[in-house]
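Novice: Give me a model of this one.
(one chain, ligands or ions: 1)
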Amino acid sequence: MRITVLTLFPGMVEPFFSSSIMKRAVEKGIIEYSIVDIRDFAEGVHRKADDIPYGGGAGMVMMAAPVAAAIKAAGAEGRRIVFPTPSGRILTQRYAEELSREDELCFICGHYEGLDQRIIDEYVTDEISIGDYVLSSGESAAVVIIDALYRLVDGVIAEESLEDESFSSGLLEYPQYTRPERYCMKSVPSVLLSGHHRHITEWRCMKRLEKTMLNRPDLLSDASLSIEERRTLLKILNNDKGTCQRWTLSEL
Ligand code: 6GU
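Specialist: So this is what the prediction gives:
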């Protein structure tokens, strides 16, 4: 997959591509990336890339011409072009999966109050929000979106690691422990030391349900639970009515 990031602040994006798992994916040739400084396409001695908004209001708006020139120079015209913005469609695991199947993606990082609407109308295919809060820069949002999707590209991460993780079956992940067996007077749950695979699987299933019920009960109505999972959920509910008062059985 080829990822292009158009930004006024390349320094905010570059470290992501040269660290950790992304670094390895780039070295393996699975991900290719280029970071384009929009200011290189701004004109005049001051290389101005933003201006005041028509109609008045606070802040500055990114100008159309430098962004359009950067898109063309990057060869991204007509490709899937993402604009991270709080007014976009919410990023979900499913949306990330869809994006991970593209051969090429281009990201335009907005700054200041926004981007001239004519660029969005002409070039942007996906306006994506990463949640209901406002960030000061599109760069951090772009990095979040890229992180969510590139790891799903074949060969980046071992398939097994993706299987059990949060959202993969509509539920949150079970807790993990590593050595030592006792830490600060707390022991690792004994079932994990038992070597009994069926018990471990059952325990993990219960923990996923418990965690989802506690932190994200909204996910439970969408998760397609097996009969066994429904039974486990009922057991949890019966033992802990206080936590789950808001959730009636019919909602499960
Ligand atoms: Cl994509 N950008 C910015 N600036 N703020 C956000 C966002 C994106 N998603 C949520 N808040």
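Novice: Now the residue nearest the centre of the chain. Nearest residue, chain neighbours left out?
Specialist: Most central in the chain under CA atoms, centre = their mean is A148, positioned 3.7 Å from the mean C-alpha point. Counting by CB to CB, 6 or more residues apart in numbering, A96 is the residue found nearest to A148 once chain neighbours are left out, at 4.0 Å. Using the backbone N, CA and C atoms, a C-beta is placed for each residue, glycine as well.
Novice: List the contacts of V36.
Specialist: V36 sits next to T4, V5, L6, T7, P10, A70, A73, A74 when contact means CB atoms under 8 Å, 6 or more residues apart in numbering.
Novice: Off-centre distance for the strand or helix carrying it?
Specialist: Taking DSSP states H and E as the definition, V36 sits inside strand 32-37. A distance of 19 Å separates the centroid of the chain from that of strand 32-37, by CA atoms, centre = their mean, to the nearest Å.
Novice: Any buried residues in it, and which?
Specialist: Using 16 or more other CB atoms under 10 Å as the test for burial, strand 32-37 gives Y33, I35, V36, D37.
Novice: Can you verify my assumption that Y150 contacts I3?
Specialist: Yes: because the distance of 7.1 Å satisfies CB atoms under 8 Å, Y150 is recorded as touching I3.
Novice: Between the two, which has more neighbouring residues?
Specialist: Between Y150 and I3, counted using other CB atoms under 10 Å, the more crowded position is Y150 (25 against 22).
Novice: For the more buried one, give me its contacts.
Specialist: Taking CB under 8 Å, 6+ apart, we find Y150 in contact with M1, I3, M22, A25, I31, S100, V156.
Novice: Now the third one: phi and psi?
Specialist: Summarising the backbone geometry of M22 under the convention degrees, to the nearest 10, its torsions are phi -60, psi -40.
Novice: what about it, how many residues close to it?
Specialist: Counted with other CB under 10 Å, M22 comes out at 22.
Novice: what does whatever helix or strand F16 lives in rub up against?
Specialist: Here F16 sits within helix 14-17, counting by DSSP H and E. Contact with helix 14-17 is made by M22, K23, V26, Y33, I35, V143, I146, D147, as judged by CB under 8 Å, 6+ apart.
Novice: The first one contacts E32, doesn't it?
Specialist: No: the pair M22 and E32 does not pass the contact test of CB under 8 Å, sitting 11.6 Å apart.
Novice: so Y95 is in which element?
Specialist: Using DSSP H and E, Y95 maps to helix 93-100.
Novice: Just after that helix, pick out the following helix or strand.
Specialist: Remark: after helix 93-100, the chain's next helix or strand is strand 104-108, criterion DSSP H and E.
Novice: Give me the mean pLDDT for that following strand.
Specialist: Taken as a whole, strand 104-108 has a mean pLDDT of 98.
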